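sequence and predicted model, in that order:
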Amino acid sequence: MKKASEAFSELEFNTLLERLKKLTPEAEKEAHFEPSYKESSFEQISTELKKAKKVALNFIRESDEINSILLSFGDSVHVLEAAELEKIKPYLEDKKLKKLTFDSKPLIFALRFDEIRLAGVSFDVQLGAYLLQPTRTNYTASDLGFRYLKLYIGEGQDSFRQAIIDCYLAYHLEEPLTKKLTEGKLEKVYNELELPLSPVLAAMEYRGIGINKEELKTYSNELAQMINKLEEEIYRLAGEEFNINSPSQLSSILFEKLKLKPVKKTKTGYSTDSTVLAKLINEHPIIENMINYRELAKIKSTYVDALPKMVNPKTKRLHTTFNQTVTATGRLSSSNPNLQNIPIRTDIGKRIRKAFVPARATDLLLVADYSQIELRVLAHLSKDETLTKAFEEHKDVHQATAAEVFGLPVNKVSEEARRKAKAVNFGIVYGISSFGLAQQLQIDAKEAATYIEMYFNRYPKVKSFIDRTVSDAYKKEFVKTLYGRCRQLPELKSNDVRIRNFGERSAINSVIQGSAADIIKQAMINVENALFTDDLMSRMVLQVHDELIFEAMALEKSALSSLVKKQMESAYVLHPSLEVNISTGPNWLEAK
DNA sequence: CGATCACGC
DNA sequence: GCGTGATCG
């Protein structure tokens, strides 16, 4: 039984493991873990606190307000009233006293409201567990307690008990998790990247970004009118009213009533997605209206109407949450609201960006973005001379790729050829399949395959890097990034060729995307430190995968520009080197 | 709550 | 390839 459960753990069949745990007779018999705690005063623990080298820390919070302070020196968890925070403050700010946490960022965030800067966080359960198994979807006390301490902790505890358990685990998971991190050679990425990044993210979240609510209100009304007109026109052309937002209803209108030819199927019926609509554009006038409707409806519901509702009434700003333990590759994600998918491509979408503004009208937004970081990482890892040279000579990389692949002089590269080369470059970074490239370029898979072949002819070391990465991944069942971040690939053991192919593409993508993520994380840490060292007032407020966004004091514009450029470009010594473009403006649209 | 769709890198 | 979120049924 034990063996089976271990096997499941390795394969990360999360739900199966859960079920097994519940069914195990030992689990039934064994007393469920009961956290021991006692209500203490500062005076009662002060002696122990003074001589302690490390302490596990947690809070019981209601939203951002701290209600109780939880401390543990290994055995019982001490519960102190929030009123004692002032007395504990020097210990929290003492970087020599090691703080062990279950999830440090919310703690750092909450303490900012009491003007306490938590220092000396040396262990964070969430970050450690994430680095060990980045493809898990959550890292609950119950899972981690069982996995690393063989404790049976029930799910769905009330928030008081949960906070106690988390504090207990913060203390007792340090040893086993640290050991595993060392075994996996993950100490560097843990200690030098993830752990120091966490307070940087907390600070960015705390600062938030300014948003012009009135601008969005006005826009919402304009969009409502436009959507209304499109709606009427769509009903008229369909000959009836229906729910335009329902893909199934739209499908029956298009493919049954109007007898349009279905382009592709989904699990449940005929697809009506934007690529399908684009192909049907000349078949019926309703299509163009639908395309426009989709875009407007999306922009209105997801951004224009949603964002103003999320403005914090106290700060009047938008505060995203940067999730540090979500992606399989090491990227951050952003939620509530997601500020990493604000529209940019279309004019309609761009107007959203115009509403993102600095706190004071005299300030500026500064955007610093890495130029082609993923392709540069690819050039670095593959050591391909042609690709490396393109960057060293500051060429337009897609144009250069087109010239290579199609055997043209650079000045003879058409828009069309460049577009194709760009798609091939994207495909390479994503772990290409001829099917995917064909779909992207609307060509048949055979033609796509010849493009890939032509590409590999001109960039042979990219080809061998990809082959090496994939065969390595099969051997080890994981891949690693520049900083040693790891991703397990259980898909490569599948008997299903489609799942194995997915695993192969993930292997390539994870190395490239994950290495780029490592670099920008390093840059964020370095930039944040440099801003304080140089005494600048400007602040980093957002990260969008390959770019950093700052609220810049107008007077600091040039100092900030050079600081950010220098720190980002020197975050990692890459060959070809990293290049950063900087622009500024009164809002996010004009700073791009 | 899964499926579909659409936004970003 | 990697995400988050709105909407539907």
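Done, it's in. Numbering: from 1, shown residues only, chains lettered A, B, ... in the order given.

what's the burial count for the residue in the stretch 51-200 of chain A positioned nearest to DNA strand C?
Nearest to DNA strand C in the stretch 51-200 of chain A, going by Cβ to the nearest atom of the strand, is A:T135, at a distance of 7.0 Å. The C-beta positions use only the backbone N, C-alpha and C, and glycine is treated the same way. Using other Cβ atoms under 10 Å, A:T135 has 17 other residues around it.

which stretches of chain A have low pLDDT?
For chain A, the stretches flagged by pLDDT under 70 are A:1-31.

I'd like the next helix or strand past the helix ranked longest in it.
Secondary structure of chain A read by DSSP state H shows that its longest helix is helix A:497-533. Downstream of helix A:497-533, the next assigned helix or strand under DSSP states H and E is strand A:539-543.

quick one: strands adjacent to that next one?
strand A:547-552 (antiparallel) (DSSP bridges).

list the contacts for the closest residue to A:V55 other than its chain neighbours?
Of all residues not flanking A:V55 in the chain, A:L71 sits nearest, at 5.5 Å (Cβ to Cβ, 6 or more residues apart in numbering). By Cβ atoms under 8 Å, 6 or more residues apart in numbering, the contact list for A:L71 reads A:I45, A:L49, A:V55, A:A56, A:L57, A:V77, A:H78, A:L80, A:I88, A:C167.

which of these lies closest to A:K96?
Taking Cβ to Cβ as the measure, A:K96 lies nearest A:V55 of these, at 11.8 Å.

bridging residues for the closest one?
If you apply DSSP bridges, the partners that A:V55 bridges to are A:K99.

what separation is there between it and A:L80?
Between A:V55 and A:L80 the computed distance is 12 Å (Cβ to Cβ, to the nearest Å).

again with A:L332
33 Å.

around DNA strand B, pick out the residues from the stretch 151-300 of chain A.
A:247, A:251, A:266-269, A:271-274, A:276-277, A:294-295, A:298-299 (Cβ under 7 Å from any atom of the strand).

buried only: go through the residues you listed for me.
A:P247, A:S251, A:S271, A:T272, A:V276, A:L277, A:R294, A:E295, A:I299 (16 or more other Cβ atoms under 10 Å).

pretty sure the fifth one sits against A:L260.
No. Under the contact definition of Cβ atoms under 8 Å, A:V276 does not touch A:L260, with a separation of 9.6 Å.

let's see which of the buried ones among the residues of the stretch 151-300 of chain A next to DNA strand B end up in strands.
Judged by DSSP state E, strands contain none of those.

quick check: the gap between A:I348 and A:N587.
For A:I348, the distance to A:N587 - Cβ to Cβ - is 16 Å.

equivalent analysis for A:T218, please.
15 Å.

so these two - more neighbours on which side?
Shown here are A:T218 and A:N587; by other Cβ under 10 Å, A:N587 has more neighbours (19 against 14).

on that earlier part again, with distance to A:V527 as extra columns, can I get the buried ones among the residues of the stretch 151-300 of chain A next to DNA strand B in TSV?
Output for these, formatted as TSV (distance: Cβ to Cβ, whole Å):
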residue	distance to A:V527
A:P247	43
A:S251	49
A:S271	43
A:T272	44
A:V276	43
A:L277	42
A:R294	38
A:E295	35
A:I299	31
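
show me which residues of chain A are close to DNA strand B?
A:247, A:251, A:266-269, A:271-274, A:276-277, A:294-295, A:298-299, A:302, A:340-346, A:349, A:544-547.

can you tell me how far A:A403 is from A:A423?
16 Å.

repeat that for A:L364.
Distance of A:L364 to A:A423, computed by Cβ to Cβ: 35 Å.

cool, and A:S40?
According to Cβ to Cβ, A:S40 and A:A423 sit 63 Å apart.

what residues are up against the residue lying farthest from the centre of chain A?
Ranked by distance from the centre of chain A (Cα atoms, centre = their mean), the top residue is A:G239, with 44.0 Å. Counting by Cβ under 8 Å, 6+ apart, A:G239 touches A:K257.

identify the bridge partners of A:F59.
A:I69.

doesn't A:S104 make contact with it?
No. Applying Cβ under 8 Å, one finds A:F59 not in contact with A:S104, separated by 11.2 Å.

who has more neighbours, those two?
A:S104 (26 against 20).

tell me who's in contact with that one.
With contact taken as Cβ under 8 Å, 6+ apart, A:S104 is in contact with A:L118, A:V121, A:D124, A:Q126, A:L127, A:S198, A:P199.

who does the third one bridge with?
On the basis of DSSP bridges, A:D124 takes part in beta bridges with A:T101.

so it is in contact with A:L195, correct?
Yes. At 6.3 Å, A:D124 counts as touching A:L195 under the criterion of Cβ under 8 Å.

neighbour count winner among these two?
Between A:D124 and A:L195, A:D124 has the larger neighbour count (other Cβ under 10 Å), namely 26 against 18.

contacting residues for the more buried one?
A:T101, A:F102, A:D103, A:S104, A:E194, A:L195, A:S198.

re the thing from before, give me the more crowded residue out of A:V55 and A:L80.
Between A:V55 and A:L80, counting by other Cβ under 10 Å, A:V55 is the more crowded of the two (24 against 20).

which parts of stretch A:242-257 are buried?
Here stretch A:242-257 shows A:I244, A:P247, A:L250, A:S251, A:I253, A:L254, A:F255 as buried, counting by 16+ other Cβ under 10 Å.

show me what contacts the residue nearest to the second one when sequence neighbours are not counted?
If I follow you right, that is A:P247. For A:P247, ignoring the flanking residues on the chain, the nearest one in space by Cβ to Cβ, 6+ apart is A:T272 at 5.1 Å. For A:T272, the contacting residues are A:P247, A:L250, A:S251, A:L254, A:M290, by Cβ under 8 Å, 6+ apart.

thinking again about what came up before, please identify which two of the residues of the stretch 151-300 of chain A next to DNA strand B are farthest apart in space.
A:K267 and A:I299 (27.3 Å).

surely the residue of the stretch 51-200 of chain A closest to DNA strand C touches A:T329?
No. Look at A:T135 against A:T329 with Cβ under 8 Å: they stay out of range, at 9.6 Å.

wait, A:T268 sits on A:S248?
Yes. At 7.2 Å, A:T268 counts as touching A:S248 under the criterion of Cβ under 8 Å.

return the residues of chain A in contact with DNA strand C.
Residues of chain A lying near DNA strand C (Cβ under 7 Å from any atom of the strand): A:243, A:245-246, A:248-249, A:301-302, A:306, A:323, A:326-329, A:331, A:333-338, A:340-341, A:430-431, A:436, A:502, A:505-506, A:509-510, A:513.

narrow those residues to just the buried residues.
By 16+ other Cβ under 10 Å, the residues of chain A next to DNA strand C give A:302, A:323, A:326-329, A:331, A:333-334, A:337, A:340, A:430-431, A:436, A:502, A:505-506, A:509-510, A:513 as buried.

fine, thanks again, bye for now.
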